[in-house]
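Engineer: sequence first, then the predicted structure:
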Amino acid sequence: MEEILKKCDELGILIKDSDVYREFESLNNEVENNREASLLLKKYNEIGSTIQQKQERGFPVEKFEQEKFKEISMAVTSNAILLKYIKARDGYLELLMDIHNALSNE
């Protein structure tokens, strides 16, 4: 068990040293320090989550919800900081999925 935890620590260090992680962390801090971007991202995530939950439960998504999500999505894509953040987040999540897949294939 101790050997597994040691390897986990090593993996964590490798992840933290990766360009993908550093870019994501940098942009995450930038978004957190930008009131407009952080509020916009929060609203986007809230609306997206509500729509996803309704779809998973088989409830209809109202037209006003779809329109609001479309509107907020356009605002997100118009925000340069959020575009860079989303790209960096996707890269980081891809790295984590690659690690997960490597573990699953062993």
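Structural biologist: Happy to help now that I have it.
Engineer: what's the closest non-adjacent residue to the residue nearest the centre of the chain?
Structural biologist: When Cα atoms, centre = their mean is applied to the chain, the residue found nearest the centroid is Arg89 (4.9 Å). In space, and not counting its chain neighbours, Arg89 is closest to Phe24: 5.9 Å by Cβ to Cβ, 6 or more residues apart in numbering. No exception for glycine: its C-beta is placed from N, CA and C like everyone else's.
Engineer: list the contacts of the one you found.
Structural biologist: Taking Cβ atoms under 8 Å, 6 or more residues apart in numbering, we find Phe24 in contact with 88-89, 91-92.
Engineer: got the residues you listed as a markdown table, with distance to Asp17, pLDDT and secondary structure columns?
Structural biologist: A markdown table is the format used below for the contacts of Phe24 (distance: Cβ to Cβ, whole Å; pLDDT from 0 to 100; DSSP: H, G, I helix; E, B strand; the rest coil):
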| residue | distance to Asp17 | pLDDT | secondary structure |
| --- | --- | --- | --- |
| Ala88 | 16 | 97 | helix |
| Arg89 | 18 | 96 | helix |
| Gly91 | 15 | 97 | helix |
| Tyr92 | 13 | 97 | helix |
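Engineer: check the gap between the nearest residue to Glu30 once chain neighbours are set aside and Arg35 for me.
Structural biologist: Take Glu30 and drop its neighbours on the chain: the residue closest to it by Cβ to Cβ, 6+ apart is Ile81, 5.9 Å away. Distance, Ile81 to Arg35, using Cβ to Cβ, to the nearest Å: 11 Å.
Engineer: more crowded one of those two?
Structural biologist: Shown here are Ile81 and Arg35; by other Cβ atoms under 10 Å, Ile81 has more neighbours (17 against 9).
Engineer: name the element that one belongs to?
Structural biologist: Following DSSP states H and E, one finds Ile81 within helix 80-105.
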